Structures are given as structure tokens and as C-alpha cells.
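[1] here is my input; please provide its structure:
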Amino acid sequence: MSYEIVFAKEVEDDLRKLGHVITQKVFKKLIQIAENPILGEDLGNKANMDLTGYRRVYIDKKRVKIVYKIINEKLQVFVIAIGKRDDMNVYKTATLRSAEITDNK
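    Below is the predicted model:
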């Protein structure tokens, strides 16, 4: 059973920053995640950023991370951030977006 991949609206901007070749690798990995959502590692609390319930997976020789959440009741994988590994920026971005989503509910 395959999960539907759903993106936070800002993920489109994340992908633009990565370039075509890396974006292709991202989509290949997302196909794998759709088939096996537990592929990534649990995040929990990273440097005082609470990403409990989110997972991460690396691509491009660990230079890029995809941060996502499994929503089993909807059979969805919600991708909240994609970015380079620099200074935990992808986690900061995911934390901010997660807070915005929670605030807007």
C-alpha cells in the first residue's frame, strides 16, 4: 500500500534552491518513502527544536535532508521541509513551519 505524498506549500521554494539534479534525487527518495514511510529516522527533540512525530531521511550522500511526518489515518506522508545539511537550517525551517501549521489549525 502506497502513501500519498503531500507537501507544505513552502517546499516548492525549498526544491528550487536545490537545483534540477538534486530535485530528481529528492523525488526518487519520495517514491521510496511513499512505499515505506518508516524509512527515515525519528527526529524527536533536536537542539531544543521539538520535531517529535517527524522523521528525516538523507539524500545526495547525506548533503540534503527531507523532513516529513507520517499521517497513518489518511495514508499520507506530509513533507514539511527539504534542505541542505548546513547548520541545522532544515530543522529550524521545519520547526517554524510546524508551529505555523499548528497555529493555523
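[2] gap between the spatially closest residue to Met88 that is not a sequence neighbour and Gln32?
    Closest residue in space to Met88, ignoring its immediate chain neighbours: Ala47 at 6.1 Å, by CB to CB, 6 or more residues apart in numbering. All C-beta spots, glycine's among them, are computed from the backbone N, C-alpha and C. As judged by CB to CB, to the nearest Å, Ala47 and Gln32 stand 27 Å apart.
[3] point out where this protein drops to low pLDDT.
    Low-confidence segments of the chain, defined by pLDDT under 70: 102-105.
[4] and the biggest strand by length in the chain, what other elements does it pack with?
    Longest strand in the chain, counting residues (DSSP state E): strand 49-59. Helices and strands touching strand 49-59, as assessed by 3 or more CB pairs under 8 Å, 6 or more residues apart in numbering; DSSP states H and E, comprise helix 20-35, strand 41-46, strand 64-71, helix 89-103.
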